[in-house]
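Asker: 3D, please:
(one chain, ligands or ions: 1)
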Amino acid sequence: GSSVPTLPPDLQSLRATAVEVLRGNDLGDVTRPSPTLYPHQWLWDSCFIAIGLRHIDPARAAAEVLSLLRGQWPNGMIPHVIFAEVDDFYHAGPQRWRIDRVTTTASGALSTGITQPPMIAEAALRVGEMLDPKARADFYRALLPGLIRFHEFLHFERDPDDDGLVTLVHSWESGMDNTPPWMEATLPITPRRVNVLKRLGAAEALDAMRRDSKEVPAEERLTSAELFTLYRVVRELRRSGYAFRNIRETDVPLVQDVAFNAILVRADDHLVEIAAEAGVKLSRRLTRQMRRCREAMERLWSSSTYYSRDFRTGELLRHETVGGFLPLYAGVVPEDRVDVLVKAMTSPRYWPRYGVASVPADDPVFEPRCYWQGPVWININWLLADGLERYGRLDAARELRANVLNLIVNSGEMFEYYSPLDGSGAGSNSFSWTAALLVDLLA
Ligand code: 2M8
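Answerer: Alright, predicted model coming up:
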């Protein structure tokens, strides 16, 4: 762990910077994650953004959450990106997904064909706390039918064999694009032409084919081989009509992601609470699957941490990441394991100096400034602090929050992610969920 920092006096101006970033990324009742890299609406970004916005403008925060329903598919899925009508410089835009051949969204907006960590119920509950009773009742009433259908999509469509855990079909669904276990599961299906180019030493030719942003140094993003493999997965999903029964017949990696399932278990609890307050009854089938999912988390534990699991083989993907701590946030960790997890999380391996890293610093693939392969992410640390609190580790939770706050204070800017070693910012700047969660941390 690290020592509790003394906060500099200009927190107010830092908060003003954060509010400014959110305003700059505001597209109406949707907030884009960043002006340079991400011009559309992302599912879990909007949820974290709403958690911050509730302190500034609760009605606007409620609108941010509700706007996600505009992307909902007839099968209940809420997509990971709802495309805004902007000049599209985003590299995985509508033309990669072509969902218009398969389905339409509630609003007719274009979207991707995959989902993202189901943070909606958490955001709804937190926003609800800030609304007066009448506004909250209206908000819940508007949200509930779509939210219930989303949870049903996850528990039914994505758990076709009644295993309990839900399965993801792309690393983008996990939100942690290049996290090591996902990359190890995905790289075996690298397109042949990419491997050939690599073998020929034509890495530059490969890089030249990239259409993602040049704003960020290459060493802070996915490698070209990784990126082209993720595009290949999108192509398989598109050809499968985004239906799980077809996708499972392809060679696309299918993963019961530990972080996603942990977030879902917690979201299920929140959904139960919201439904109870609104006097809405959940179906017995859904209630049963929620229970089975919670129980199935146990299968992801092995000796000292939780892992994601391969849907096809049932084998654990034994590469440790920060995702292994999110069962604390879910509340599924037996008391005799909590110390093991908390010790690991607060050790210098994970928490060398500034916040908990996405991959432990002694991992051979650890890269302090490369995306989900080492950097500190503010949203994950927010979830971890909440998990510590749930288990009564109040000092550790307080210390983590103070440390993360200090990280942002020192940088003075709202970066996408930060080096856990020296606290330097990386990725996009003016990043919305960093700004929003800073506002929440300061509240
Ligand atoms: C990153 O992912 C997108 C694809 O979804 C990308 O790499 O283009 C991830 O960090 C993800 O968790 C995040 O939601 C998204 C937008 O901030 O960016």
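Asker: how close does Leu178 get to Ser358?
Answerer: Leu isn't right for residue 178; it's Asn. 10 Å (Cβ to Cβ, to the nearest Å). All C-beta atoms are positioned from the backbone trio N, CA, C, and that covers glycine.
Asker: how far does stretch 51-71 stretch from start to finish?
Answerer: Criterion Cα to Cα, to the nearest Å; first-to-last residue distance in stretch 51-71 is 20 Å.
Asker: which parts of that stretch are buried?
Answerer: Going by neighbour count (16 or more other Cβ atoms under 10 Å), the buried part of stretch 51-71 is 51-56, 58, 60-71.
Asker: more crowded one of Asn178 and Ser358?
Answerer: Per other Cβ atoms under 10 Å, whichever of Asn178 and Ser358 has more neighbours is Ser358, with 27 against 22.
Asker: contacting residues for whichever residue of the stretch 101-250 of the chain sits closest to the ligand?
Answerer: For the stretch 101-250 of the chain and the ligand, the shortest gap (Cβ to the nearest ligand atom) falls at Gly175, measuring 3.4 Å. When the contact criterion is Cβ atoms under 8 Å, 6 or more residues apart in numbering, the partners of Gly175 are 44, 116-117, 259-260.
Asker: what residues does this protein have near the ligand?
Answerer: 33, 38, 42, 44-45, 80, 172, 175, 177 (Cβ under 6 Å from any ligand atom).
Asker: if you set the cut-off to 5 Å instead, what comes out?
Answerer: 33, 38, 42, 45, 172, 175, 177 (Cβ under 5 Å from any ligand atom).
Asker: touching, the second one and Arg32? I think so.
Answerer: Yes. Counting by Cβ atoms under 8 Å, a contact exists between Tyr38 and Arg32, whose distance comes to 5.8 Å.
Asker: neighbour-wise, which of the residues of the chain next to the ligand leads?
Answerer: Busiest of the residues of the chain next to the ligand [other Cβ under 10 Å] is Asp45, holding 28 neighbours.
Asker: in which helix or strand would I find it?
Answerer: Asp45 belongs to helix 43-53 when assigned by DSSP states H and E.
Asker: again, but for Thr104
Answerer: Going by DSSP H and E, Thr104 is not in any helix or strand.
Asker: contact partners for it?
Answerer: Thr104 sits in contact with Pro74, where contact means Cβ under 8 Å, 6+ apart.
Asker: could you measure it against Leu110, distance?
Answerer: Distance from Thr104 to Leu110, by Cβ to Cβ: 9 Å.
Asker: likewise for Asn403?
Answerer: 40 Å.
Asker: again with Leu230
Answerer: 19 Å.
Asker: what about the strands in this protein?
Answerer: 41-42, 81-82, 255-256, 301-302, 305-306, 308-310, 316-317, 417-418, 425-426 (DSSP state E).
Asker: now those in JSON lines, with mean pLDDT?
Answerer: Below are the strands of the chain laid out as JSON lines (pLDDT from 0 to 100):
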{"stretch": "strand 41-42", "mean pLDDT": "98"}
{"stretch": "strand 81-82", "mean pLDDT": "98"}
{"stretch": "strand 255-256", "mean pLDDT": "98"}
{"stretch": "strand 301-302", "mean pLDDT": "98"}
{"stretch": "strand 305-306", "mean pLDDT": "98"}
{"stretch": "strand 308-310", "mean pLDDT": "98"}
{"stretch": "strand 316-317", "mean pLDDT": "98"}
{"stretch": "strand 417-418", "mean pLDDT": "98"}
{"stretch": "strand 425-426", "mean pLDDT": "96"}
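Asker: among these, which is nearest Ser213?
Answerer: strand 425-426 (13.4 Å; Cβ to Cβ).
Asker: can you pull out the residues in contact with that closest one?
Answerer: So strand 425-426 is contacted by 216, 220, 369-370, 375, 411, 413, 415-419 (Cβ under 8 Å, 6+ apart).
Asker: picking up where we left off before, so which of the buried residues of stretch 51-71 are in helices?
Answerer: 51-53, 58, 60-66 (DSSP state H).
Asker: tell me where the stretch 201-350 of the chain has helices.
Answerer: Under the criterion DSSP state H, counting those that start in this stretch, helices of the stretch 201-350 of the chain are mapped to 203-208, 224-239, 244-247, 258-278, 284-296, 326-330, 335-346.
Asker: hey, which of those helices is tucked in deepest?
Answerer: Stretch with highest mean neighbour count among those: helix 326-330 (a mean of 26; mean count of other Cβ atoms under 10 Å).
Asker: between the contacts of strand 425-426, which is closest to Val322?
Answerer: Pro375 (10.3 Å).
Asker: which residues sit in contact with the residue nearest to Gly323 when sequence neighbours are not counted?
Answerer: Using Cβ to Cβ, 6 or more residues apart in numbering and skipping residues adjacent in sequence, the residue nearest Gly323 is Ala259, 3.7 Å away. If a contact means Cβ under 8 Å, 6+ apart, then Ala259 has 117, 174-176, 308, 322-323, 326 as its contacts.
Asker: give the buried subset of the residues you listed as a ChimeraX selection command.
Answerer: Burial among the contacts of Ala259 is assessed by 16+ other Cβ under 10 Å; the matching ChimeraX selection reads:
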select :117,174,175,176,308,322,323,326
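Asker: ok, the contacts of Ala259 vs Leu11, which is closest?
Answerer: Val322 (26.5 Å).
Asker: report pLDDT for the closest residue to the closest one other than its chain neighbours.
Answerer: Using Cβ to Cβ, 6+ apart and skipping residues adjacent in sequence, the residue nearest Val322 is Ser358, 4.9 Å away. Per-residue pLDDT puts Ser358 at 98.
Asker: ok, Ser358 touching Thr179?
Answerer: Yes. Ser358 is within contact range of Thr179, at 6.8 Å (criterion: Cβ under 8 Å).
Asker: what do those two both touch?
Answerer: Applying Cβ under 8 Å, 6+ apart, one finds that Ser358 and Thr179 are jointly contacted by 321, 372-373.
Asker: what residue is smack in the middle of this structure?
Answerer: Residue closest to the average C-alpha location in the chain (Cα atoms, centre = their mean): Gly175, at 3.8 Å.
Asker: and the closest residue to it other than its chain neighbours, what is it in contact with?
Answerer: The shortest distance from Gly175 to any non-neighbouring residue, by Cβ to Cβ, 6+ apart, is to Pro117 (5.1 Å). The contact partners of Pro117, by Cβ under 8 Å, 6+ apart, come to 43-44, 173-175, 259-260, 263-264.
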